[in-house]
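Colleague: Got a sequence here, can you build the structure:
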Amino acid sequence: MQINHIYLGNYKPGNGIYSVINPLIEQVSEINHKIDLQLSISLIKGLVNRKNIYIIHGYYYPKYIILSLLLFITGNKFYIKPHGGFTNNSLKKSSFKKYIFLLLTKPLIIATSSGILFINEQEKNNSIKFKKKTFIIKNVIFKINSNNNLIKKIHVKNKLRFLMINRIDIHHKGLDVFLDFMQIIPKELKDKIEFTIYGSGDTKDETWFKRKIVKFKNINYMGLKKIENIDFSNYDYSALFSRYEGLPTSLIEGLSKKLPVFISEQCNLSAKNIGYTFDVNDLEDIVSKLILLNESHNLFYSSLSENAFLESQNYLIQHNNIDNLYKTLFN
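Modeller: Numbering: from 1, shown residues only. Okay, here's the model as predicted:
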């Protein structure tokens, strides 16, 4: 059995879709997972066999119109995995373009597909509705730290150090909110907190972000770096200001390194007993949660840190579990 994952966007380490698909490709299992990054001759030739399942990742790429027609004509089953692209929050970004694209392509791509794959019930419930069969197939994590005794933390007195690993996407990752929040932090906390950010994005967003953070002495932007090369021991909390998320793998990696969280409620990760959540649409709420974090840090940090590690282990999914989920697509 083979599943061909097709993605025509930016596929590289640090990218969310890379983090979703690459673990599937690297694992050894009953189902072979393959990635196609362009509408190539070899991909088109393979459609004749009609033995494989195809999953289109993302949605808003014009070439998917041609691809869906080819899949339909050759009698191949294909599914759409929008990665949050059909949610109301996502559609607010470039909403006019997206709605027009959806309107024009619904009879061509969605109608001819075999169904839509959502990451979880939250994404499904917050997405626009189509008369198509839907499946819940979670993103998976096979490799995170599972040895509690190997983790060593380096603490700095009178400092709260936050680690952010995310794509530099201003709207999706809430970086505009983050910068607004940094402007209104109480004076007594400004010298105490420090945010270090890893990630990359398109040229426009990166240029805008770099220009905006120049005036902040407590924001360090490090660019793109493989997650395995980031020293988590130098930080106290993982942070994320996203307006929506599927499975925030960087946060789970942080949990496995005993980093509690300071995240938006929209991150799709319950922070009960592992940190602090805030409403990304409410700056006052974000500031109040930072104040709470600061006031309770010395008292609760050790227990939050231990709980973080325990929570991370719940996200390790065994090969046979994920195989069974993907097998349902062949029926």
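Colleague: What's the mean pLDDT across stretch 310-329?
Modeller: Taken as a whole, stretch 310-329 has an average pLDDT of 75.
Colleague: now the end-to-end length of that stretch.
Modeller: 32 Å (CA to CA, to the nearest Å).
Colleague: List the buried residues of it.
Modeller: 311-312, 315, 322, 325-326, 329 (16 or more other CB atoms under 10 Å). From N, CA and C alone the C-beta is placed, and that goes for glycine too.
Colleague: so Met164, which of the three states?
Modeller: The local conformation at Met164, judged by DSSP: H, G, I helix; E, B strand; the rest coil, is strand.
Colleague: and it, how far is that from Ile116?
Modeller: 30 Å (CB to CB, to the nearest Å).
Colleague: between those two, which one's more packed in?
Modeller: Met164 (27 against 20; other CB atoms under 10 Å).
Colleague: Go ahead and confirm the more buried one touches Thr196.
Modeller: Yes. Here Met164 reaches Thr196: they are 7.0 Å apart, a contact under CB atoms under 8 Å.
Colleague: any idea which of the buried residues of stretch 310-329 is the one closest to Phe130?
Modeller: Leu329 (17.2 Å; CB to CB).
Colleague: quick one, strands of the stretch 201-331 of the chain?
Modeller: Secondary structure of the stretch 201-331 of the chain (DSSP state E, counting those that start in this stretch): strands at 219-223, 237-240, 261-264, 275-278.
Colleague: Also the stretch 1-150 of the chain?
Modeller: 2-6, 32-36, 53-57, 78-81, 115-118, 134-136.
Colleague: just checking, what packs against the second one?
Modeller: In this case it means strand 32-36. strand 2-6, helix 16-26 (3 or more CB pairs under 8 Å, 6 or more residues apart in numbering; DSSP states H and E).
Colleague: so how far is the longest helix along the chain from its chain's centroid?
Modeller: Ranked by number of residues, the top helix in the chain under DSSP state H is helix 283-312. With CA atoms, centre = their mean, to the nearest Å as the basis, helix 283-312 stands 22 Å off its chain's centre.
Colleague: Likewise for stretch 212-229?
Modeller: For stretch 212-229, the distance to the chain centre is 18 Å (CA atoms, centre = their mean).
Colleague: So which bits of that stretch are buried?
Modeller: 212-213, 218-219, 221, 224, 227.
Colleague: which residues make contact with it from outside it?
Modeller: Contact partners of stretch 212-229, identified using CB atoms under 8 Å, 6 or more residues apart in numbering, comprise 12-14, 165, 179, 182, 190-191, 193-200, 209-210, 250, 253.
Colleague: Make a ChimeraX selection of the buried ones in those residues.
Modeller: Command for ChimeraX, covering only those of the contacts of stretch 212-229 found buried under the criterion 16+ other CB under 10 Å:
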select :14,165,179,182,193,194,195,196,197,198,199,200,209,250,253
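Colleague: and the strands of the stretch 1-150 of the chain, which one is worst for confidence?
Modeller: When I compare the strands of the stretch 1-150 of the chain, strand 32-36 is least confident, with a mean of 86.
Colleague: So what angle separates the directions of that strand and strand 2-6?
Modeller: 20 degrees (axes from the mean of the first three to the mean of the last three CA atoms, to 10 degrees).
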